[in-house]
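Student: here is my input, please return the structure:
(2 chains)
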Number of protein chains: 2
Amino acid sequence: MTYNLVVCYNTVVIYNRVVKDDDMPHLLHIDSSIQGERSVSRSLTARAAAAWLAAHPDGTVSYRDLGANPLPHLNSESGLARMVPPDQHTPAQAASWELSKEVVEEVLAADTILLGLPVYNFGAPSSVKSWVDHLVAPGLSVDHATMTGLLGGRDLLVLASRGGGYAPGTPREGWDHAEPWLPHALSLTALEPRFITAELTLANVNPQMAELKPLAAESLAAAERAIDAQWAPLAV
Amino acid sequence: MTYNLVVCYNTVVIYNRVVKDDDMPHLLHIDSSIQGERSVSRSLTARAAAAWLAAHPDGTVSYRDLGANPLPHLNSESGLARMVPPDQHTPAQAASWELSKEVVEEVLAADTILLGLPVYNFGAPSSVKSWVDHLVAPGLSVDHATMTGLLGGRDLLVLASRGGGYAPGTPREGWDHAEPWLPHALSLTALEPRFITAELTLANVNPQMAELKPLAAESLAAAERAIDAQWAPLAV
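Tutor: Purely as a prediction, here's the structure:
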């Protein structure tokens, strides 16, 4: 049993103890943007969560906001918790291991996971890196003996946003280091992220990118269409 | 004037108020590994710092340990400090901005910067990401009007370590997302990192990589030779 945050999409947020019913579809919704209401990735995860709920009217949702409440960095005192056998943990490592358990259990309880992934300074938010560092834990998310991932069979849909355009042929091709990194980072767990990405999101706030506004709008609209097509609604 | 940590390489560490003398060469030594004495990147930065000191006997050193004391993640409350004009900062943003100032001033005071950069889950430590997120600050490290980097003209030598081998032609070619990311992440500041890298460092602790031990030893020895060749000693 875990405590989860049940999100109502009209800004009312209710903490609730969720007992996972294995027959009931469960969504884990994770945001990481620090931009609040201006965030494109948050708007995309909210849209995806609403679409998922429309298609799964009996589904339950839990929520984690890495932007508001990042997990601690791995550090010298606690960071080796995932490499030292639990019975040898120091108190700091034991606390860090408990956080790993919480993060892994949240994922295990979900059939579908939505992750909002903006790009800051050409990489994933440090809070997403830290979430991954807690999630990749032999004995919890990876079988210790065989090193087989234990989180497979779930749909991880990443709603990514990036301020510039880094597609093949553009001047900054290859400068998005978030999207190529994540599948490698999660590979040990057997989670295989899919991506829906809106790019050039800075065109709307950076005057020097004003001429890219139409392309940005097109990219956002394509991302929204892709989200809306994810789950065939079971009920209207 | 900034408070710096003066490191003596015989394990004695003294906090000291360092007044930057512009005629005196100054080294900023940064570690980020969480592995303590087992860390390869820490052994490499220590070797480089010793070599630098041998070549600059009048030089001064400051030290930052991101592994022991990571900077906070950017978060919803404080993270926009670097995008909002300082006179509009909330208290949380003002505190975050002060940290950015501290980090930028440390770099500005240095002629040479050593950064230890291990790879965790195929990316830079989240603490290094967070350091970069604090360092890239228009108005401090980037000219606000021209967006020209203000940290150029310094030597940033990155002592990198990675557990596997990700070179061209290997099965995991392209799986190191730390080294390709850093130059892009720092580009706005005009810092241009150089890299000396030891790879396959897990060969010494992972039995399944035992046959790679000779290659790992070769890589480490090459990194150490490269470090020793960095600064022609001025005094013996």
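Student: residues contacting the longest helix belonging to chain A, please?
Tutor: Longest helix in chain A by number of residues, with DSSP state H as the criterion: helix A:91-108. The set of residues external to helix A:91-108 that reach it, using CB atoms under 8 Å, 6 or more residues apart in numbering or on different chains, is A:2, A:4, A:28, A:62, A:64, A:71-72, A:74, A:77-82, A:84, A:86, A:89, A:113, A:131, A:134-135, A:137, A:140-141, A:150-151, A:154, A:191. Placement of C-beta: from N, CA and C, glycine included.
Student: hey, what's the residue nearest to residue A:61 when sequence neighbours are not counted bridged with?
Tutor: Excluding the flanking residues, the one nearest residue A:61 by CB to CB, 6 or more residues apart in numbering or on different chains is residue A:27, at 4.7 Å. Partner residues in beta bridges with residue A:27, using DSSP bridges, are residue A:61, residue A:112.
Student: where does residue A:27 land on pLDDT?
Tutor: What the model reports as pLDDT for residue A:27 is 98.
Student: surely it touches residue A:64?
Tutor: No - taking contacts as CB atoms under 8 Å, residue A:27 lies outside contact range of residue A:64: 11.6 Å.
Student: how about residues contacting stretch A:30-41?
Tutor: Stretch A:30-41 is contacted from outside by A:42, A:45, A:63-67, A:113-118, A:120, A:124-125, A:127-128, A:131, A:159-161, A:198, A:201, A:205, A:220, B:74-76, B:79-80, using CB under 8 Å, 6+ apart.
Student: same thing but 7 Å
Tutor: For stretch A:30-41, contacts defined as CB atoms under 7 Å, 6 or more residues apart in numbering or on different chains pick out A:42, A:45, A:64-67, A:113-118, A:125, A:127-128, A:159-161, A:198, A:201, B:74-76, B:79-80.
Student: give the buried residues for that stretch.
Tutor: Buried positions in stretch A:30-41, judged by neighbour count with 16 or more other CB atoms under 10 Å in any protein chain shown: A:30, A:31, A:32, A:33, A:34, A:35, A:39, A:40, A:41.
Student: sitting in strands, which of the residues you listed do you find?
Tutor: With strands taken from DSSP state E, the overlap with the buried residues of stretch A:30-41 comprises A:30, A:31.
Student: and the buried residues of stretch A:30-41, which is closest to chain B?
Tutor: For chain B, the closest of the buried residues of stretch A:30-41 turns out to be residue A:34, at 3.5 Å, with distances computed as CB to the nearest CB.
Student: pLDDT wise, what is the closest residue to the closest one other than its chain neighbours at?
Tutor: Distances taken as CB to CB, 6+ apart place residue B:79 nearest to residue A:34, at 3.5 Å, with adjacent residues excluded. Note on residue B:79: pLDDT of 94.
Student: can you map out the helices along chain A?
Tutor: Assignment of helices within chain A using DSSP H yields the ranges A:40-55, A:91-108, A:126-135, A:181-186, A:213-228.
Student: now the third one, how far from the chain's geometric center?
Tutor: This means helix A:126-135. Mean-position distance between helix A:126-135 and its chain equals 10 Å (CA atoms, centre = their mean, to the nearest Å).
Student: who does that helix touch, helix- and strand-wise?
Tutor: Other helices and strands packing on helix A:126-135, by 3 or more CB pairs under 7 Å, 6 or more residues apart in numbering or on different chains; DSSP states H and E, are helix A:91-108, helix B:126-135.
Student: quick one: contacts for the spatially most central residue of chain A?
Tutor: In chain A, the centroid-proximal residue (CA atoms, centre = their mean) is residue A:115; its distance is 2.2 Å. Remark: with contacts taken as CB under 7 Å, 6+ apart, residue A:115 is in contact with A:30, A:156, A:158.
Student: I figured residue A:226 hits residue A:196, correct?
Tutor: Yes - proximity of residue A:226 to residue A:196 meets the contact threshold set by CB atoms under 7 Å, at 4.7 Å.
Student: what's the weakest-modelled helix or strand in chain A?
Tutor: With mean pLDDT, DSSP states H and E as the measure, the helix or strand of chain A carrying the lowest mean pLDDT is strand A:13-18 (a mean of 35).
Student: can you list the low-confidence ranges for chain A?
Tutor: Within chain A, the ranges that satisfy pLDDT under 70 run A:1-22, A:232-236.
Student: most tightly surrounded among the helices of chain A?
Tutor: Among the helices of chain A, ranked by average contacts under mean count of other CB atoms under 10 Å in any protein chain shown, first place goes to helix A:126-135 (a mean of 27).
Student: list the contacts of it.
Tutor: Residues outside helix A:126-135 that contact it (CB under 7 Å, 6+ apart) are A:32, A:66-67, A:70-74, A:99-100, A:103-104, A:107, A:117, A:141, A:185-186, A:189, B:73-74, B:120-121, B:123, B:126, B:129-130, B:133.
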